[in-house]
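Visitor: need the 3D shape of this:
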Amino acid sequence: MARRRRGIPVDGVLLLDKAQGVSSNHALQQVRRLYEAQKAGHTGTLDPMATGLLPICFGEATKFSAYLLDADKTYRTRVRLGETTDTGDAEGTLIERHPVPALVEHDIEAVLERFRGDIEQIPPMYSALKHQGRPLYELAREGKQVERAVRRVKVYDMRLLSFEADGFELEVRCSKGTYIRTLAEDIGRALGCSAHITSLRRLRSGPFDAEAMHDFEALEQMDGASRQARLLPIDAMLPHVPSLEVAAIESRRLLHGQRARVETGTLVADETARLYHDGAFLGLVSVTRPGEVAPRRLRNTASPVRE
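Guide: Residues are numbered from 1 along each chain as shown. Reported below is the predicted structural model:
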């Protein structure tokens, strides 16, 4: 007998303002219980120290969460110069202290310029990456170090917001997989001293920005209808994907896993498109050839649809 799921079916995306001091998974479970949702997942871990935008996908939205995991992100961070911690942030243990040279804004800008564009990073030991099935942070807590492959990431933009004698504040727009802690440490070394971050806040993830966030305490105070109204439709995650509107007969073929002849316009083979019928988002299809599409990732249309 199939195991009965706890909770109720809820579909949509919540833009949560994660509080400091809680893990992303703890924040996810808090919100899932608040909505009494059967299924939920987040779209990119924020460290416990970090705050800000953590999109939570409910129900059918989890099928499309990879598009946010792969999305570019924007962060604001404060960097403290002259000190190295074992975690790269203020929650770690101080392991080195170096004198900070007298710096002017031009000195910092000159170094920041070297870290814009394509850069290479070595992921930190205190990260969720895995080695032989174990998270690196677990190994780090045991005092172990393992070799990590260099990864290539991209810093699209990095702005110096303010600076003082012992540190500065940055806003960074970067590709997925960029470690802001590592970026700060590398910048600190390039400035002739060490560094770690003392705050980190995510301001943007893919198409979503911080203005539409809700913190957990505010959600707790709402009634159920108000809370539901804070959910965004699933296709809000996919504004960059072209769309196709199809008739009922084609939508039924696709929802049954079959290819369908539709007007694909300027879309080319292998391109992905959002599928709609009567304005309702049904999922994603792939163009197989001009005038034909095949299912790629579809919603369970038996679930309640918010749109």
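Visitor: switch to C-alpha atoms for all contacts and neighbour counts from now on
Guide: Noted.
Visitor: tell me the bridge partners for Asp157.
Guide: Arg173 (DSSP bridges).
Visitor: ugh, wrong one, Ala37
Guide: Bridge pairing for Ala37 - DSSP bridges - gives Ile8.
Visitor: just checking, it touches Leu28?
Guide: No - assessed by C-alpha atoms under 8 Å, Ala37 is found out of contact with Leu28, at 10.9 Å.
Visitor: so Glu250 makes contact with Gln258?
Guide: No - counting by C-alpha under 8 Å, Glu250 sits too far from Gln258 to count as a contact (9.1 Å).
Visitor: in terms of neighbours, single out the busier of those two.
Guide: Per other C-alpha atoms under 10 Å, whichever of Glu250 and Gln258 has more neighbours is Glu250, with 18 against 13.
Visitor: that one sits in which helix or strand?
Guide: helix 248-255 (DSSP states H and E).
Visitor: could you pull up the residues touching the spatially most central residue of the chain?
Guide: Central residue of the chain (C-alpha atoms, centre = their mean): Gly44, 3.7 Å from the mean position. Neighbouring residues of Gly44 by C-alpha atoms under 8 Å, 6 or more residues apart in numbering: 54, 68-69.
Visitor: returning to that earlier point: ok, and what's touching the helix holding Glu250?
Guide: 259-262, 276-277, 294-295, 298.
Visitor: the same query, at a cut-off of 10 Å, please.
Guide: The contact list for helix 248-255 (C-alpha atoms under 10 Å, 6 or more residues apart in numbering) reads 245-246, 256-262, 275-278, 282-285, 293-301.
Visitor: what residues does the helix or strand just after it touch?
Guide: As assigned by DSSP H and E, the chain's next helix or strand after helix 248-255 is strand 260-261. For strand 260-261, the external contacting residues (C-alpha under 10 Å, 6+ apart) are 246, 249-254, 287-295.
Visitor: so where's the stretch 201-307 of the chain uncertain?
Guide: Scanning the stretch 201-307 of the chain with the threshold set as pLDDT under 70 gives 302-307.
Visitor: how about 80 then?
Guide: Residues of the stretch 201-307 of the chain that meet the criterion pLDDT under 80 lie in 301-307.
Visitor: residue ranges of the helices in it, please?
Guide: Here the stretch 201-307 of the chain has its helices, by DSSP state H, counting those that start in this stretch, at 216-221, 224-229, 248-255.
Visitor: deepest of the ones you listed, which one?
Guide: helix 248-255 (a mean of 16; mean count of other C-alpha atoms under 10 Å).
Visitor: extract the C-alpha set from that helix and format it as PDB.
Guide: The C-alpha trace of helix 248-255 is given here as PDB (Å, rounded to 0.1, in the frame of the first residue of the first chain):
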ATOM      1  CA  ALA A 248      -6.600  21.500 -26.100                       C
ATOM      2  CA  ILE A 249      -5.800  18.500 -28.400                       C
ATOM      3  CA  GLU A 250      -2.100  19.200 -28.500                       C
ATOM      4  CA  SER A 251      -1.900  19.800 -24.700                       C
ATOM      5  CA  ARG A 252      -3.600  16.500 -24.100                       C
ATOM      6  CA  ARG A 253      -1.100  14.700 -26.400                       C
ATOM      7  CA  LEU A 254       1.800  16.300 -24.500                       C
ATOM      8  CA  LEU A 255       0.400  15.600 -21.100                       C
END
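Visitor: this completes my enquiry, with thanks.
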